[in-house]
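Asker: show me how the following folds:
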Amino acid sequence: MGVVSWETEVSSPVPAAKLFKATVLDAHIIFPKILPQSFKNTEIIKGDGGPGTLKKIFYAEGEEIKSMTHRVDAIDEQNLTNSYSIIEGDALMGILEIITGEVKVTTTPDGETLYKTVHNYHTKGDEVISEEQIKRGKEQAAGLFKAVEAYLLANPNA
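Answerer: Coordinates of the predicted model:
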């Protein structure tokens with residue numbers, strides 16, 4: 001098994017706690033609301049949002065990915081960090097055992113929010129993930145972040 005990793009760091013004018021809440025704690029509500037063309041709904045299979053929680057995410061009709069199961073591995077609401085795993089579904093593309101990720105949201109000394117993510121693609125056996133697949137994952141993550149940020153900026157009371 002090999003591991004391919006990539007990281008992102010994005011700055012945002014949205015307050016750190018609000019961005020963390022929207023992208024981690026309330027993602028199952030926010031994503032289908034602001035991107036109904038991509039996300040259908042999320043079912044909580046097990047848990048209360050803390051470590052061990054399993055969520056089945058269903059994508060909208062016409063999307064390449066139909067569903068995936070997301071597991072919360074660790075979450076720290078005070079320090080705005082989250083670790084998760086995608087353990088089954090189309091997002092694994094038949095070549096990945098698991099996708100693990102981390103989110104960390106911080107505030108810079110000048111008050112700007114930094115949103116950092118790490119993504120780890122664990123391949124099955126000798127399988128190889130292509131640069132095109134990695135690029136597509138990065139583009140999807142960036143598009144999702146921009147949509148959430150735009151929603152929060154347009155709806156300050158959200």
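Asker: helices along the protein, start to end?
Answerer: In the chain, the helices defined using DSSP state H lie at 16-20, 27-34, 131-154.
Asker: so which bits of the longest one are buried?
Answerer: Residues of helix 131-154 classed as buried under the neighbour-count rule (16 or more other C-beta atoms under 10 Å) are Gly137, Ala141, Leu144, Phe145, Val148, Glu149, Tyr151, Leu152. Where you see a C-beta, it was placed from the backbone N, CA and C, and this is true even at glycine.
Asker: the protein: strands as residue ranges?
Answerer: Secondary structure of the chain, counting by DSSP state E: strands at 3-12, 39-46, 54-59, 67-76, 81-89, 96-107, 113-123.
Asker: hmm, back to that, for Arg71, which of the helices of the chain is the nearest?
Answerer: Nearest of the helices of the chain to Arg71, taken as C-beta to C-beta: helix 27-34 at 13.4 Å.
Asker: return that closest one as CSV; C-alpha atoms alone will do.
Answerer: The C-alpha coordinates for helix 27-34 follow below in CSV (Å, rounded to 0.1, in the frame of the first residue of the first chain):
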residue,chain,number,x,y,z
ALA,A,27,-21.3,20.2,7.0
HIS,A,28,-24.2,17.7,6.7
ILE,A,29,-26.6,20.6,6.8
ILE,A,30,-24.7,23.3,5.0
PHE,A,31,-23.4,21.4,2.0
PRO,A,32,-26.7,20.2,0.6
LYS,A,33,-28.2,23.6,1.3
ILE,A,34,-25.7,25.6,-0.6
